[in-house]
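[1] any chance you could fold what I've pasted below:
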Amino acid sequence: MKARKQGNALVLSIPAKLDVKEGTDYMVMKEADGSLIFTPKEPNIFTSRLIKKDDLRPENDDLLGSRIGREDI
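    As a prediction, the model looks like this:
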C-alpha cells in the first residue's frame with residue numbers, strides 16, 4: 001500500500017479483500033513509531049437516535065425499598 005496525493009490530502013487505498021464497507025467512518029491514531037491505527041466509529045449512545053434509550057435505574061433501591069414514581073435522585 002502506498003500513500004498518494006489527492007488534492008490537499010493523502011489517500012491510502014484499502015484492498016477489496018479486507019471487506020471494508022464503502023462510507024465507513026474511522027477514527028485514526030498515530031503511534032510514536034509512525035504506525036497508524038484506524039478504528040471504525042461507533043454511534044454515541046447518548047446522542048444517537050438509533051440506540052434504544054432504556055431507563056437503567058434499578059426498580060428497587062437497596063436502602064429505601066421500591067420506588068413509587070421512579071423519582072430522580
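[2] distance-wise, check residue 14 relative to residue 21.
    Plainly put, residue 14 is 10 Å away from residue 21 if you go by Cβ to Cβ, to the nearest Å. C-beta here means a position set from N, CA and C on the backbone, and glycine is covered the same way.
[3] in terms of neighbours, single out the busier of those two.
    residue 14 (12 against 6; other Cβ atoms under 10 Å).
[4] how near is the more buried one to residue 7?
    In terms of Cβ to Cβ, residue 14 sits 18 Å off from residue 7.
[5] do the same with residue 29
    23 Å.
[6] looking at those two, which is more packed in?
    residue 29 (9 against 6).
[7] what about the residue lying closest to residue 4 once chain neighbours are set aside, distance to residue 1?
    Excluding its sequence neighbours, the residue lying closest to residue 4 (Cβ to Cβ, 6 or more residues apart in numbering) is residue 11, at 5.5 Å. For residue 11, the distance to residue 1 equals 10 Å [Cβ to Cβ].
[8] same thing with residue 29?
    18 Å.
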